[in-house]
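> Got a sequence here, can you build the structure:
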Amino acid sequence: MKLSDTIKLGTSIPQAFTEGPVDMDVVRKIVTRSEDLGFESLWTSSSVLGGSPSLEPTGLLHYVAGFTHKVRLGVSVLVFPLHSPVAIAKSFASLDQVSCGRAIVGLGLGSADDSYGAFGLTSARRVKRFEEGIRVMKSLWTQSNTNHANEFLRLENAMMEPKPLQKPHMPLWIGGGHHNVLRRSVRLADGWMGAGASSNSDFKERVGVIKDMMDESDRDPDSFTISKRIYIAVDSKESRAIERLGRWTGTVYGNADMASDIAVWGSPEKCSEILNDVASVGVDHLLIHPVFDFEEQLEAIAEICGLR
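Numbering: from 1, shown residues only. As a prediction, the model looks like this:
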């Protein structure tokens, strides 16, 4: 059975151009072709500071909304404590409107080492800021007036219009791998996405944990999406594939060696086998993310997943 018959498939919008300048022709070609092939969703990731050319994720999603028609549009994930929940609520409510109800919000806690100083913040109370921020956003998306006061922000009879087109609001997914993140996802979110920088074996173990948590909390599994971002290089010459993946992880994560632990690479047959193995633990969605040769890789991914 084709992978596309069993789960939903997403792919990435070209965003980080590590081997050359930003190329918007490539962005438009990949986005248009992805929708034509039948990918269910298109994704960006969090990127503000860094030395390689990388486009801001929410602005890129708004741009892509203007020339797509049915593919869903998500970010996985924004490091939420670095941002104002009011600003993020407005940005994604607007994205949901201009895309006619296709937005997905992905949020992550990040780490205490993230660039808080660059945003005029500290990492203190970041977990509370994260959870309070989600409550504020949900209120702004669903209530006519929002009143909320804590040490982080104050809203008095605040109104936000227009509301998201999706009701009660667009799906909200949380990313990360810590046990507390999994529990927070079940409690506060509509889905969970395993990080691209985590191994497939770790992900499969966490799927079991999060399903146990859903059972314990009587959470309806049909109301919750389980996904993972998977970096991939389809190439029958495996040494070339892993060398290029290593170059990419070296640039993006500062660690070339991690590519062999987190990515999928090799022949179409090998990549297909691994993707099906990951899906077999009961996931609903995979975000399959090529990092170079975007056009060629997209066609190869569509072939192995049964989209063409």
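> how far does stretch 232-248 sit from the chain's center?
On the basis of C-alpha atoms, centre = their mean, to the nearest Å, stretch 232-248 sits 22 Å off its chain's mean C-alpha point.
> can you give me the strands in the stretch 101-250 of the chain?
For the stretch 101-250 of the chain, the strands identified by DSSP state E, counting those that start in this stretch occupy 103-108, 146-149, 154-158, 172-175, 191-194, 225-234, in order along the chain.
> The residue nearest to residue 219 when sequence neighbours are not counted: what's it in contact with?
On the basis of C-beta to C-beta, 6 or more residues apart in numbering, the spatially nearest residue to residue 219 that is not a chain neighbour turns out to be residue 186, at 5.5 Å. C-betas here are computed from N, CA, C, even on glycine. Residues near residue 186 by C-beta atoms under 8 Å, 6 or more residues apart in numbering: 192, 210, 213, 214, 217, 219, 224.
> Take the residues you listed and, keeping just the buried ones, write it as a PyMOL select command.
When burial is assessed using 16 or more other C-beta atoms under 10 Å, the buried subset of the contacts of residue 186 is captured in PyMOL by this command:
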select buried, resi 192+210+213+214+219+224
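> quick one: contacts for the residue most central in space within the chain?
For the chain, the residue nearest the mean C-alpha position is residue 76 (2.1 Å; C-alpha atoms, centre = their mean). Listed by C-beta under 8 Å, 6+ apart, the contact set of residue 76 reads 43, 44, 45, 106, 108, 173, 175, 193, 227, 229, 287.
> buried subset of these?
Neighbour-count burial (16+ other C-beta under 10 Å) applied to the contacts of residue 76 gives 43, 44, 45, 106, 108, 173, 175, 193, 227, 229, 287.
> wait, which of the contacts of residue 76 is closest to residue 65?
Closest to residue 65 out of those is residue 44 (11.8 Å), distances taken as C-beta to C-beta.
> Does the closest one touch residue 78 like I think?
No. With contacts counted by C-beta atoms under 8 Å, residue 44 stays clear of residue 78, the gap being 9.4 Å.
> which residues touch residue 133?
Residues near residue 133 by C-beta under 8 Å, 6+ apart: 80, 81, 83, 85, 88, 152.
> which residues of the stretch 151-300 of the chain fall in helices?
Taking DSSP state H, counting those that start in this stretch as the test, the helices found in the stretch 151-300 of the chain are 179-188, 200-216, 238-253, 259-262, 268-279, 294-305.
> Need the contact partners of stretch 53-63.
Outside stretch 53-63, the residues that touch it by C-beta under 8 Å, 6+ apart are 13, 15-18, 21-22, 27, 44-48, 73-75, 78, 91-92, 94-95, 98, 103.
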